[in-house]
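Engineer: What follows is a protein structure lacking sequence information:
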């Protein structure tokens, strides 16, 4: 567990297309669905060659090990959608065309969203920087590169997620999506920092009961929770969360110090406890009567 992270070349074979996995349970007793858009670590060889950062710096943008933390969901009855492509390569929790014009070697089409706050921070669909703020690329990219990543990564992920939500709503009259992430340490936090931040886009992406049930279950497991600060939900939460149509989305951000050494991208002993507790969370949510969310 204490080994240094492997070089990117050793983590996974070259990116396969489409770079997603949908893990389905043998039986689906509940409208609960889980997704992890940021835990992927299949780094294409050409991306590594063009990056000016080392393996650890690139991997700091990952929600590392979140796929492992929720790995038991399918056997408990909840489908689990995973992006295997890394967030630094293509961010599935953004609009499809949030792009920084300064990253590209020619002007972008007029329909590209180049003015969002996320683009301004360097964290658009194709990120300019990693989470720590360091620039990723040695040189500017052709727009065709962004098109290929959106087509081969972003679109398959959202096609699968949209179909899964529709399928679940058709079966149960509603869908509750847990969008699973991890969050870095925030220096200077006043008082004890939260273990888990839950986001429902300030009450607009999920019914109050859904948020309350997730929150009270986590608190019962001993976790300090906080709502919508500093993470209220990204594109997935805001785009898919439509409570009046029976689709409820809660974003879940887990503090990385609970389970990993952030500097070395390595799990520590806390990972086992966290996995067991998140398995208890999923089990409790699968057993919950969600008919009121229809």
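Structural biologist: It's in. Please read all numbers here as calculations on a predicted model, not as lab measurements.

Engineer: which stretches of the stretch 101-250 of the chain have low pLDDT?
Structural biologist: For the stretch 101-250 of the chain, the stretches flagged by pLDDT under 70 are 187-190.

Engineer: Break down it into its strands, ranges please.
Structural biologist: 175-183, 196-199, 225-227, 247-255 (DSSP state E, counting those that start in this stretch).

Engineer: export those to TSV and tack on mean neighbour count?
Structural biologist: Any C-beta I mention is one placed from the backbone N, CA and C, and that applies to glycine too. Shown next, in TSV, are those (neighbours: other CB atoms under 10 Å):
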stretch	mean neighbour count
strand 175-183	25
strand 196-199	24
strand 225-227	16
strand 247-255	24
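
Engineer: Can I get these in CSV including distance to residue 291?
Structural biologist: Output for these, formatted as CSV (distance: least, CB to CB, whole Å):
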stretch, distance to residue 291
strand 175-183, 12
strand 196-199, 22
strand 225-227, 24
strand 247-255, 13
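
Engineer: Residues contacting stretch 123-130, please?
Structural biologist: When contacts are defined by CB atoms under 8 Å, 6 or more residues apart in numbering, stretch 123-130 is touched by residues 53, 57-58, 60-61, 87-91, 94-100, 102-103, 116, 118, 121-122, 131, 135-137, 141, 145-146, 149-150, 154.

Engineer: Isn't residue 81 up against residue 160?
Structural biologist: Yes: counting by CB atoms under 8 Å, residue 160 is a contact partner of residue 81 at 5.8 Å.

Engineer: Residue 166 - how many residues pack around it?
Structural biologist: By other CB atoms under 10 Å, the residues close to residue 166 number 12.

Engineer: and what of residue 112?
Structural biologist: A count of nearby residues for residue 112, using other CB under 10 Å, gives 21.

Engineer: That one is in contact with residue 96, isn't it?
Structural biologist: No: with contacts counted by CB under 8 Å, residue 112 stays clear of residue 96, the gap being 9.7 Å.

Engineer: Setting aside sequence neighbours, what's the nearest residue to residue 157?
Structural biologist: residue 92 (4.5 Å; CB to CB, 6 or more residues apart in numbering).

Engineer: List the ones among the contacts of stretch 123-130 that fall in helices.
Structural biologist: Taking DSSP state H, the ones among these that sit in helices are 57-58, 118, 145-146, 149.

Engineer: in those, which two residues are the furthest apart from each other?
Structural biologist: 57 and 146 (21.5 Å; CB to CB).

Engineer: In terms of neighbours, single out the busier of those two.
Structural biologist: residue 146 (22 against 17).

Engineer: separation between the more buried one and residue 124?
Structural biologist: 9 Å (CB to CB, to the nearest Å).

Engineer: Spit out the residues that contact the two alike.
Structural biologist: Common contacts of residue 146 and residue 124 (CB under 8 Å, 6+ apart): residue 99.

Engineer: among the strands of the stretch 101-250 of the chain, which is nearest residue 22?
Structural biologist: Here strand 175-183 is closest among the strands of the stretch 101-250 of the chain (CB to CB), at 13.3 Å.

Engineer: tell me the angle that closest one makes with strand 247-255.
Structural biologist: On the basis of axes from the mean of the first three to the mean of the last three CA atoms, to 10 degrees, strand 175-183 is oriented at 20 degrees to strand 247-255.

Engineer: follow-up on the earlier one: comparing residue 81 and residue 160, which residue is more hemmed in?
Structural biologist: More crowded of residue 81 and residue 160, by other CB under 10 Å: residue 81, with 24 against 19.

Engineer: and the more buried one, helix, strand or coil?
Structural biologist: Here residue 81 is recorded as strand under DSSP: H, G, I helix; E, B strand; the rest coil.
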